[in-house]
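Undergrad: Need a 3D model of the following:
(one chain, ligands or ions: 1)
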Amino acid sequence: MPAVGGFDKGNGKEYPGNLTPYVLVTCIVAAMGGLIFGYDIGISGGVTSMPSFLKKFFPSVYRKQQANESTNQYCQYDSETLTMFTSSLYLAALLSSLVASRVTRQFGRKLSMFFGGILFLAGALLNGFAQAIWMLIVGRLLLGFGIGFANQSVPLYLSEMAPYRFRGALNIGFQLSITVGILIANVLNYFFNKIHGGWGWRLSLGGAMVPALIITVGSMILPDTPNSIIERGRHEEAREELRKVRGVNDVEEEFNDLVAASEASRQVEHPWKNLLQKKYRPHLTMAVLIPFFQQFTGINVIMFYAPVLFNTIGFGSDASLMSAVITGIVNVVATMVSIYGVDKWGRRFLFLEGGVQMLICQAVVAACIGAKFGIDGNPGELPKWYAIVVVLFICIYVAGFAWSWGPLGWLVPSEIFPLEIRSAAQSVNVSVNMLFTFLVAQVFLNMLCHLKFGLFLFFAFFVLVMSFFVYFFLPETKGIPIEEMGRVWKTHWFWSRYVGEDDFVPGGNVEMHKGSNATKNV
Ligand code: BGC
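TA: Numbers count the residues shown, from 1 in each chain. Model prediction:
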């Protein structure tokens with residue numbers, strides 16, 4: 001297989017520094033920023049399957065659901081406003097992540113995180129007390145603005161704080177907190193749904209205030225990153241902060257590189273235009289295709305709509321929420337497997353293994369649903385084996401995603417961009433992700449109604465395509481220092497036609513000379 005080529009690691013720089021308790025606590029607090037994203041992903045599917053919530057805000061969906069015993073199951077939730085409720089958030093997040101990149105750059109990462117927390121808090125309040133549909137939608141938009149700010153600044157904060165040797169694990173720490181957020185939301189939905197009087201959904205939606213407060217308060221007490229302090233011209237203060245963060249006195253080499261990297265990145269006037277240069281073709285391709293493929297695994301069909309989906313395929317409301325809790329647990333545990341294995345087994349292995357696993361599961365689930373519901377969506381009596389097989393294969397599918405495309409969809413782009421295009425490329429990555437999260441959320445219920453069980457085959461097709469893509473076009477990036485990364489393209493059977501011998505030479509041009517800080521200067 002010529003895709004990777006014999007790559008010799010080269011000698012990356014080694015900055016002194018430890019994983020100090022200070023940096024660990026700081027990173028754990030910052031990673032909590034992922035909770036608001038995760039909480040929201042998990043909560044929306046749950047509330048949209050709660051009868052009391054539907055009755056209040058989406059009475060037509062509720063009526064359809066009540067009267068549906070003999071009608072088409074695939075279409076019982078198909079409602080544009082219901083979909084808008086879930087997906088509006090991602091459009092808002094897409095827009096605000098673009099604004100956030102300016103705030104983050106000019107005023108520091110902390111301020112963006114703070115805005116993220118406050119906006120999310122406001123959205124949670126509005127949703128928890130909602131009396132009319134407009135309050136729900138405005139609340140969702142505020143939550144989305146909050147998520148845009150947090151998702152833009154938190155991963156960046158983590159990369160800058162983390163000692164470079166632990167960057168991979170800490171990066172996946174963000175994804176881990178997303179999955180924990182999803183799980184907490186699923187568990188809460190399960191219990192709140194049982195509250196008599198049918199107002200449990202208010203607690204589910206209002207509960208978003210808790211992760212919002214954590215990140216708001218967290219952002220106030222967290223220190224600023226040395227990079228961000230340098231960017232704002234306060235060099236002495238930055239040097240002190242770096243010593244504290246790394247737990248050693250000898251930080252001169254890293255400090256000088258940070259200053260140089262900051263100056264070099266200031267000289268790049270048109271990062272967006274830069275991105276279009278031929279030598280960045282592999283980076284641009286990855287910045288667009290990786291988030292696109294991540295969303296076309298179909299994962300958010302499960303994450304947003306698991307209870308709705310389980311309901312559709314024959315589970316009661318309670319059993320549906322319980323099944324969502326089970327998939328939530330699988331998601332968290334499998335993410336931990338990825339933290340353990342990502343630097344041992346490599347990215348490509350996880351991508352490919354996860355791909356095969358997801359593909360098989362999608363085919364089995366499609367076959368089961370197709371066999372029971374057929375084309376007209378009328379299942380008759382559903383046997384127990386059916387429920388067990390469907391939940392089991394959905395869990396195996398979630399595990400496959402959670403140790404491959406889930407964390408790697410964020411990690412791989414973050415480690416391949418050289419400094420001078422990093423900021424722009426990262427924005428492309430986040431926006432493409434939000435755009436397709438929006439699209440999948442927006443069209444899913446409609447697709448379920450029309451494609452029926454074929455919906456799973458639709459996503460299976462994309463999983464097949466993305467696995468071939470990884471196999472042929474994605475080089476292994478495990479254990480390769482960022483400043484050496486240019487070589488993986490040069491030795492690649494396909495990308496070598498875009499990246500010349502003189503591009504990305506360590507020490508030979510601006511980006512690579514400062515490249516040892518590349519990930520630290522987004
Ligand atoms: C994705 C989300 C997804 C989540 C599931 C993240 O990496 O970006 O869209 O819902 O993983 O755990």
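Undergrad: just so I have it, where are all the helices in the stretch 351-500 of the chain?
TA: Using DSSP state H, counting those that start in this stretch, the helices found in the stretch 351-500 of the chain span residues 384-402, 405-416, 419-451, 454-473, 486-490.
Undergrad: Please name the residues that touch residue 122.
TA: 139, 142, 146 (CB atoms under 8 Å, 6 or more residues apart in numbering). Using the backbone N, CA and C atoms, a C-beta is placed for each residue, glycine as well.
Undergrad: swap in residue 147?
TA: 36, 37, 40, 89, 92, 93, 96, 116, 120.
Undergrad: Which of the residues you listed ranks first by neighbour count?
TA: residue 36 (33 neighbours; other CB atoms under 10 Å).
Undergrad: Please look at residue 145 and residue 90 and confirm they touch.
TA: No - using CB atoms under 8 Å, residue 145 is not in contact with residue 90; the gap is 11.3 Å.
Undergrad: re earlier: single out the most deeply packed of the helices of the stretch 351-500 of the chain.
TA: Here the criterion is mean neighbour count by mean count of other CB atoms under 10 Å, and of these the winner is helix 405-416, at a mean of 24.
Undergrad: quick one, that helix and helix 384-402 angle?
TA: 10 degrees (axes from the mean of the first three to the mean of the last three CA atoms, to 10 degrees).
Undergrad: Low-confidence regions, the stretch 251-400 of the chain specifically.
TA: Across the stretch 251-400 of the chain, residues meeting the criterion (pLDDT under 70) sit at 271, 313-314, 374-382.
Undergrad: So which bits of it are right by the ligand?
TA: Within the stretch 251-400 of the chain, the residues that sit near the ligand (CB under 6 Å from any ligand atom) are 294, 299, 300, 303, 331.
Undergrad: how far away is the last one from residue 181?
TA: Going from residue 331 to residue 181 by CB to CB, to the nearest Å gives 10 Å.
Undergrad: Same drill for the two, tell me which one is more crowded.
TA: residue 331 (29 against 26).
Undergrad: doesn't residue 180 make contact with the more buried one?
TA: No - between residue 331 and residue 180 there is no contact under CB under 8 Å: 9.1 Å.
Undergrad: Taking the stretch 401-522 of the chain, what residue is nearest to the ligand?
TA: residue 406 (4.3 Å; CB to the nearest ligand atom).
Undergrad: Correct me if wrong: that residue contacts residue 175.
TA: Yes - taking CB under 8 Å as the definition, residue 406 is a contact partner of residue 175 at 5.9 Å.
Undergrad: residues shared between the contacts of these two?
TA: 335, 338.
Undergrad: Now do the contacts for the closest residue in space to residue 148 that isn't next to it in sequence.
TA: In this structure, residue 148 finds its nearest non-sequential neighbour in residue 96, 3.0 Å apart by CB to CB, 6 or more residues apart in numbering. Each residue near residue 96 by CB under 8 Å, 6+ apart is listed here: 119, 144, 145, 146, 147, 148, 149, 152.
Undergrad: Please identify the buried residues of the helix or strand containing residue 96?
TA: Element membership of residue 96 [criterion: DSSP states H and E] is helix 80-107. Across helix 80-107, burial judged by 16 or more other CB atoms under 10 Å covers 82-97, 100-101, 103-105.
Undergrad: How about stretch 231-243?
TA: Quick answer for stretch 231-243 (16+ other CB under 10 Å): 231, 232, 238, 239, 241, 242, 243.
Undergrad: Just the pLDDT at residue 237, thanks.
TA: According to the prediction, residue 237 has pLDDT 94.
Undergrad: Residue 128 now?
TA: Confidence at residue 128, expressed as pLDDT, is 94.
Undergrad: now residue 156: how far from residue 433?
TA: Counting by CB to CB, the gap from residue 156 to residue 433 is 15 Å.
Undergrad: do residue 64 as well
TA: Counting by CB to CB - residue 64 and residue 433 are separated by 32 Å.
Undergrad: repeat for residue 216
TA: 24 Å.
Undergrad: residue contacts, the residue lying closest to residue 128 once chain neighbours are set aside?
TA: Nearest residue to residue 128 in three dimensions, chain neighbours excluded: residue 206, at 2.4 Å (CB to CB, 6+ apart). Contacts for residue 206 were tallied using CB under 8 Å, 6+ apart; they are 124, 125, 127, 128, 129.
Undergrad: Over to residue 489?
TA: 282, 475, 495, 496, 498, 499, 504.
Undergrad: Tell me which residues touch the fifth one, please.
TA: For residue 498, the contacting residues are 278, 279, 281, 282, 489, taking CB under 8 Å, 6+ apart as the criterion.
Undergrad: Could you pick out the buried ones from these?
TA: 279, 281, 282, 489.
Undergrad: What about those residues, which are in helices?
TA: 281, 282, 489 (DSSP state H).
Undergrad: export those to TSV and tack on distance to residue 466?
TA: What follows is those, written out as TSV (distance: CB to CB, whole Å):
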residue	distance to residue 466
281	19
282	16
489	20
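Undergrad: nearest to residue 110, of those residues?
TA: Nearest to residue 110 among those, counting by CB to CB, is residue 282 at 33.2 Å.
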